[in-house]
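Trainee: How does the following fold in three dimensions:
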Amino acid sequence: MKAIVTVIGKDKSGIIAEVCTLLANSKVNILDISQTVMQGFFTMTMLIDLTESTKDFATLSDDLKAKGEEMGLNIRMQREDIFDLMHRV
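Mentor: From the prediction side, this is the model:
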């Protein structure tokens, strides 16, 4: 299964490292990543593959949300198919 992870918040060092470490420790493959900083705000979108993940979708989603709260960020994960349906033109 593929999913989209979004990360938004005030920019600070270590954001990418923390999120990627959490995903790597859960055996999640990052297929694509885009990040930018706009006027002090960090934004990142990742396409991930959970096929080999040691955690189910709900657990990983909760872990990412908790990591975001710990870091003062908003981190959310959505299934790719639902994300696509929500963002259709």
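Trainee: Based on its surroundings, how many neighbours for the nearest residue to residue 29 once chain neighbours are set aside?
Mentor: Closest residue in space to residue 29, ignoring its immediate chain neighbours: residue 49 at 4.3 Å, by CB to CB, 6 or more residues apart in numbering. C-beta: built from backbone N, CA, C; applies to glycine. Neighbours of residue 49 under the rule other CB atoms under 10 Å: 14.
Trainee: any low-confidence regions in the chain?
Mentor: 82-89 (pLDDT under 70).
Trainee: Go through it and flag its longest helix.
Mentor: helix 57-71 (DSSP state H).
Trainee: Show me where this protein has its strands.
Mentor: 2-10, 29-38, 41-49, 74-79 (DSSP state E).
Trainee: Listing partners with orientation, what would you give for the last one?
Mentor: Strand pairing for strand 74-79, using DSSP bridges, gives strand 2-10 (antiparallel).
Trainee: Give me the buried stretch members for the partner strand, please.
Mentor: By neighbour count on 16 or more other CB atoms under 10 Å, the buried set for strand 2-10 is 3, 4, 5, 6, 7, 9.
Trainee: Could you list the alpha-carbon positions for it in CSV?
Mentor: What follows is strand 2-10 as a C-alpha-only set of coordinates in CSV (Å, rounded to 0.1, in the frame of the first residue of the first chain):
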residue,chain,number,x,y,z
LYS,A,2,1.2,3.5,-0.8
ALA,A,3,0.4,6.6,1.3
ILE,A,4,1.1,10.3,1.3
VAL,A,5,2.8,11.9,4.4
THR,A,6,2.5,15.7,4.9
VAL,A,7,4.6,17.7,7.4
ILE,A,8,4.0,21.3,8.1
GLY,A,9,5.3,23.7,10.8
LYS,A,10,7.9,26.2,11.8
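Trainee: Name the residues that touch that strand?
Mentor: For strand 2-10, contacts defined as CB atoms under 8 Å, 6 or more residues apart in numbering pick out 15, 19, 23, 31, 35, 40-50, 57, 64, 68, 71-80, 83.
Trainee: Right, I'll call it a day here.
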